[in-house]
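Visitor: Need the 3D shape of this:
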Amino acid sequence: MDIVLKKFKMARIDYDKLANVMAEDRDLLRTYYYHCLPHQSTDPSQEEKDKFSNAQRFFRRLNHLDSFTVREGKLAFRGMNDEGVPIYEQKRVDVMLATDIVMHSTKRLITHASIITGDSDFLPAIEIAQSEGVQISLYYYDELRPHDELLDKVDVRRKIDEKLINSIKRD
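Guide: All right, here's what the predicted structure looks like:
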């Protein structure tokens, strides 16, 4: 989601407004935000400390919104790129999202789920949810086009455009 919102150069999104837009006038059970805290080395630079602290503060603000839950994954070191810069990969985030969709669907806690993703790894979870009668809405940014199989499988497709972004800006 962050990549999508950064494409619109927006640092001031009202996530409560975003959740309500994505609920599409339906009752909202809960909003989940899946992400990892940024890497912080054992002897962190001031920049690393600031990024880490800002992310913690952001997660805390989200957790204080009504019916909002931040699910934190972990970063895993995956080696170095050609320029010698370390590569980190988010772990557990996709599994947590898939598990939440399946769990809420099979327990009949939801009839609709709206997601922002482009990853076809979620197809099995989406198929289970749909087999339980859940309608899946996908929100996506066209330049970061989701996988074709994902677009084919979901029930509703909504492009994130400038009009939507303007409607969810913080006051």
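Visitor: only C-alpha atoms for contact and neighbour calcs from this point on.
Guide: Noted.
Visitor: Tell me where this structure is predicted with low confidence.
Guide: Low-confidence segments of the chain, defined by pLDDT under 70, are located at 1-11.
Visitor: which helix is the longest one in it?
Guide: The longest helix of the chain (DSSP state H) is helix 46-63.
Visitor: Beyond that helix, next helix or strand please.
Guide: Scanning the chain past helix 46-63 towards its C-terminal end, the next helix or strand to appear is strand 68-72 (assignment: DSSP states H and E).
Visitor: still on that earlier bit, run the chain-centre distance for the longest helix of the chain.
Guide: Taking the mean of its C-alpha atoms, helix 46-63 sits 17 Å from the chain's own mean (Cα atoms, centre = their mean, to the nearest Å).
Visitor: With stretch 52-72 instead?
Guide: Averaged C-alpha coordinates place stretch 52-72 at 13 Å from its chain's average position (Cα atoms, centre = their mean).
Visitor: Can you list the buried residues in that stretch?
Guide: Within stretch 52-72, the residues that qualify as buried by neighbour count (16 or more other Cα atoms under 10 Å) are F52, A55, F59, L62, N63, F68, T69, V70, R71, E72.
Visitor: And the contacts of it?
Guide: Stretch 52-72 is contacted by residues 15-16, 29-40, 93, 96 when judged by Cα atoms under 8 Å, 6 or more residues apart in numbering.
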